[in-house]
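Visitor: Just need the structure, nothing else, for what follows:
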Amino acid sequence: MDLRKVKKLIELFEESQLIEMEISEGESTIRLNRGGPVLSTMMQYAPAAVSQQTAPLPSVSEPTSKVEGETETGSKILSPMVGTFYDASSPDSEPYVKVGSVVEAGDVLCIIEAMKTFNQFEAEESGTIRAVYKQTGDPVEYGESLFLID
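Guide: Next up is the predicted model:
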């Protein structure tokens, strides 16, 4: 691949809102990634069974798990991308965080799969997880609430 093309791709990537980009030309492949490390091991999740009946999705304002009797105070942690939410590195592993978990800035909270790439999502602030809004396999949208932390 020509060096001028690589420089132009980097410029376009920096100007865009993309988090990750991979371009292949012949035998050459270039992967550009913005942010933290990408989970390099492939996880084996069984695809969710598709049924004809659709269950109502939980409301964003109602977390799927929450400490009993608590009001919603603190800051919401929002999804940085569109993808599929995973609370652990594999189906047999314990979730990274649960309600009541104390996290430090930089701790892994979850994984979001986007286009067959597994992206670890890390805490930007320290605190205690007060609510988890998603479950493994749930789709997430950009800016959607994932956790409540205080």
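Visitor: In this structure, what residue spans correspond to helices?
Guide: 3-15 (DSSP state H).
Visitor: Could you chop it up by domain?
Guide: Domain assignment for the chain, taken from automatic domain parsing, gives 3-33, 65-149.
Visitor: and the shortest one, which residues are buried?
Guide: Which is domain 3-33. For domain 3-33, a neighbour-count test (16 or more other Cβ atoms under 10 Å) marks F13, I19, E20, L32 as buried. Any C-beta I mention is one placed from the backbone N, CA and C, and that applies to glycine too.
Visitor: What are the neighbouring residues in contact with the second one?
Guide: The contact partners of I19, taken as Cβ atoms under 8 Å, 6 or more residues apart in numbering, are N33, R34, G35, P80, M81, A114, N119.
Visitor: got a pLDDT number for it?
Guide: On the pLDDT scale, I19 is placed at 80.
Visitor: how much space between it and L78?
Guide: Here I19 is placed at a distance of 14 Å from L78 (Cβ to Cβ, to the nearest Å).
Visitor: show me where pLDDT drops low in the chain?
Guide: Low-confidence regions of the chain, defined by pLDDT under 70, span residues 1, 35-72.
Visitor: Contact partners for the spatially most central residue of it?
Guide: Among the residues of the chain, the one closest to the centroid is I112, at 2.8 Å (Cα atoms, centre = their mean). By Cβ under 8 Å, 6+ apart, the residues touching I112 are S79, P80, M81, G83, T84, F85, Y86, F118, N119, F121, V140.
Visitor: Any idea what the nearest residue to S24 once chain neighbours are set aside is bridged to?
Guide: Leaving aside its chain neighbours, S24 sits nearest to I30 (7.9 Å; criterion: Cβ to Cβ, 6 or more residues apart in numbering). Applying DSSP bridges to I30 gives these bridge partners: I23.
Visitor: Thanks again, I'm all set now.
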